[in-house]
Each structure stands twice: as C-alpha cells, then as structure tokens.
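J.: no sequence for this one, just the structure:
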C-alpha cells in the first residue's frame, strides 16, 4: 500500500503570519493615535483684517489656531465664549470665539491649543462650527 505524503505547513508560513499580525497591530495603533485632520479646505482668518472690521467678514468660514486664554462665559443652553490667543504678524492677539451648545460635550481647557473652524456671524462674532484639540 502506498503512503500518502504529509501535508504539514512549512515553519516559514507561521513566521510570515506572525510578522503580518504584528504589522497590522502596529499600523492600527498608529492610526488611532493620529491627530484629527486640520481644516485645510478653509482659509485661515486674517487677524489684522478681522480686528479692523470683523463685520465685513460675516457669513464666511475661516480656520483659527491658538491657545485658550480665558473662558469668558458658559451656560448649558447658550454655549460658551472663550478668548483665544492667536499669533499674527504684529504679535499675539486675543479674540473672543463663541462655542455653541452643540460642543458642550467637549472639555475646553485654559492654556490648551485648539484649532477651530469658525463662521463669522452678524456683528463680526466668530462662532465655532468645528473644534479640534491640538
């Protein structure tokens, strides 16, 4: 009677599978730790122009990046107003940003850096439409 050949896997296959699993785990961890994407499709806010006449920018969306200086006002129904320290060509400038109650689940902290997409409303008041902590 003829013997059948053994069909065991080669040890190199096991090593290849183990290496692939390690690569997938490391790749997954690096994707999880990645910071959220910035607002590349939105123009940055020109601080000098905004301080001269912010009302002329109403209805437009801009991106800002800076450090929270103070939390000026907070109510659960109306959101909060914070002052942000933003770097400009003429030095650091403070502007107030309204953060609507849609973002009440965020823990906005003083002295932390944030990137925001803001829409300038009537009166030249920037209102956050998206918030990312940096």
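T.: Yep, that arrived. Since we're looking at a predicted model, the values are computed, not measured.
J.: let me see the contact set for the residue nearest to residue 113 when sequence neighbours are not counted.
T.: Excluding the flanking residues, the one nearest residue 113 by CB to CB, 6 or more residues apart in numbering is residue 134, at 4.2 Å. Where C-beta positions appear, they are placed from N, C-alpha and C, glycine not excepted. Contact partners of residue 134, counting by CB atoms under 8 Å, 6 or more residues apart in numbering, are 35, 65, 113-115.
J.: which of those residues tops the neighbour count?
T.: Highest neighbour count within these: residue 114, with 21 neighbours (other CB atoms under 10 Å).
J.: is the residue nearest to residue 112 when sequence neighbours are not counted in a helix, a strand, or coil?
T.: Once flanking residues are discounted, residue 112 sits nearest to residue 68: 5.7 Å by CB to CB, 6+ apart. Under DSSP: H, G, I helix; E, B strand; the rest coil, residue 68 falls in the strand class.
J.: I'd like the numbering to begin with 16 instead of 1 from here.
T.: Will do, 16 is the new start, and the previous item becomes residue 83.
J.: residue 83: neighbouring residues, count only.
T.: Residue 83 has 18 nearby residues by other CB under 10 Å.
J.: what of the one 5 residues further on?
T.: Counted with other CB under 10 Å, the neighbours of residue 88 add up to 12.
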